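> Give me coordinates for this.
(one chain, ligands or ions: 1)
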Amino acid sequence: MALVAGMRVGSRVLFRPWAWLPGAALGRKESAARGRVGARGFGSQRVLVEPDPAAGIAVMKLKSPPVNSLSLELLTEFVISLEKLENDKTFRGIILTSDCPGVFSAGLDLMEMCGKNPAHYAEYWKAVQELWLRLYLSNLVLIAAINGACPAGGCLISLTCDYRVLADNPKYVIGLNETLLGIVAPFWFKDTLVNTIGHRTSERALQLGILFPPAEALQVGMVDKVVPEDQVQSTALSVMAQWLSIPDHARQLTKNMMRKATADRLVKQRDSDIQNFVGFISRDSIQKSLQVYLGKLRQKKG
Ligand SMILES: CC/C=C\C/C=C\C/C=C\CC/C=C/CC(=O)SCCNC(=O)CCNC(=O)[C@H](O)C(C)(C)COP(=O)(O)OP(=O)(O)OC[C@H]1O[C@@H](n2cnc3c(N)ncnc32)[C@H](O)[C@@H]1OP(=O)(O)O
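Predicted coordinates:
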């Protein structure tokens, strides 16, 4: 077996890019929870996993009502479920979707970024980085079955997937809308977007914080397919079959070749990226902007 940049070629699991990342090791309790997935469903309170070992795939459903905002708990459970599937050679692909009606994910949990202390912000941001790195460099085929609104961090998660299917509903907008909150998408959010839709479209989308409705999302390449709502899952399954028809080693090495440089940019500066985030989010002006935004979200109802 040849070794290519730390990847063992010839076995199914080609690379575990996070194994050497600082802070990547899981605690003892979490490690004990690992193991073979088998045919029964597993998961956690916030992440349901429905395995289909015969097909070599699993459907992973985010279930953190009301809007799948990415709390520290959800991020942690997400990473654990992902690692379980990555470590089980039965699985070659994951369909990522939501169990919350009308929302894929509302993005980062604003409550994690408001009124907390710097140590909390640092811990939170490290968890956000960790999930992105694992998803972006996953060995598995990841297909996003986007069955709801998909702003900001929700969009980022979908952009780490190899293919995005979006339900055709005008409420199901997708994009990196950070500027609308008075915050700035970090460079690795931006890089992920640029790698998907190109520089000029990203520049406009990021500055204006555009949330694209389905037809426009398809037009700019933010998603790969728009289908009627009741066909999202079946379409994701047939797209998965097409991706799984490619030999794993060739596809995985190609994915790594396309994505590694982007991931490495963050890996090389994880700590300074955390410090930037903590400094930025702790500013009074940013805290005020987030409070105003949260207030507007709450008012919407009343
Ligand atoms: C040079 C650069 C220098 C420095 C940069 C360094 C670092 C960068 C710094 C910061 C970057 C941080 C990046 C952040 C990315 C993000 O993801 S921020 C989150 C953005 N998300 C949104 O804007 C989505 C907001 N939500 C919505 O639009 C709607 O909720 C949604 C369309 C998703 C669903 O609508 P609906 O079904 O009608 O539900 P409600 O709006 O009624 O919401 C239900 C309750 O959920 C609460 N909620 C909604 N979203 C969030 C959230 N993201 N976090 C926490 N809570 C949320 C909402 O308030 C309702 O709560 P209530 O029931 O009223 O208590």
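> Contact residues of the protein facing the ligand?
Neighbours of the ligand within the chain, by C-beta under 6 Å from any ligand atom: 66-67, 69, 102-103, 106-111, 149, 151-153, 177-178, 181, 183-184, 186, 276-277, 280-281, 294, 297-298, 300-301. Every residue, glycine included, has its C-beta placed from N, CA and C.
> Run through the protein and note the low-pLDDT ranges.
In the predicted model, the chain carries pLDDT under 70 at residues 1-39, 302.
> So which residues of it form helices?
28-32, 72-87, 118-136, 152-159, 187-197, 199-208, 214-220, 232-244, 248-267, 270-282, 284-299 (DSSP state H).
> want to throw these into CSV with mean neighbour count?
Formatted as CSV, those follow (neighbours: other C-beta atoms under 10 Å):
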stretch, mean neighbour count
helix 28-32, 10
helix 72-87, 20
helix 118-136, 19
helix 152-159, 27
helix 187-197, 20
helix 199-208, 15
helix 214-220, 17
helix 232-244, 18
helix 248-267, 16
helix 270-282, 16
helix 284-299, 13
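> related to what we said a few turns ago, just the buried residues from the residues of the chain next to the ligand, in ChimeraX please.
Under the burial definition 16 or more other C-beta atoms under 10 Å, those of those that qualify are selected in ChimeraX by:
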select :67,69,103,106,107,108,109,110,149,151,152,153,177,178,181,183,186,277,280,281
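> So which of the residues of the chain next to the ligand belong to strands?
Here DSSP state E is the test, and these give 102, 103, 149, 151 as lying in strands.
> Let me have those residues in CSV, adding distance to residue 261 as columns.
Listed next are these as CSV, based on distance: C-beta to C-beta, whole Å:
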residue, distance to residue 261
102, 36
103, 32
149, 31
151, 27
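> Quick check: of those residues, which lies closest to residue 173?
Residue 173 has its nearest neighbour among those in residue 149, at 5.8 Å by C-beta to C-beta.
> Would you mind measuring the gap between the ends of stretch 192-204?
15 Å (C-alpha to C-alpha, to the nearest Å).
> now it, how far from the centre of its chain.
Distance, stretch centre to chain centre, for stretch 192-204: 17 Å (C-alpha atoms, centre = their mean, to the nearest Å).
> Need the contact partners of it.
Applying C-beta atoms under 8 Å, 6 or more residues apart in numbering, the external contacts of stretch 192-204 come out as 132, 136, 156, 159-160, 176, 185, 190, 205-206, 210, 220-222, 258-259, 262.
> now do stretch 227-246
With C-beta under 8 Å, 6+ apart as the test, stretch 227-246 has contacts from 56-57, 59, 92-93, 95, 97, 141, 143-147, 162-163, 165-169, 224-225, 251.
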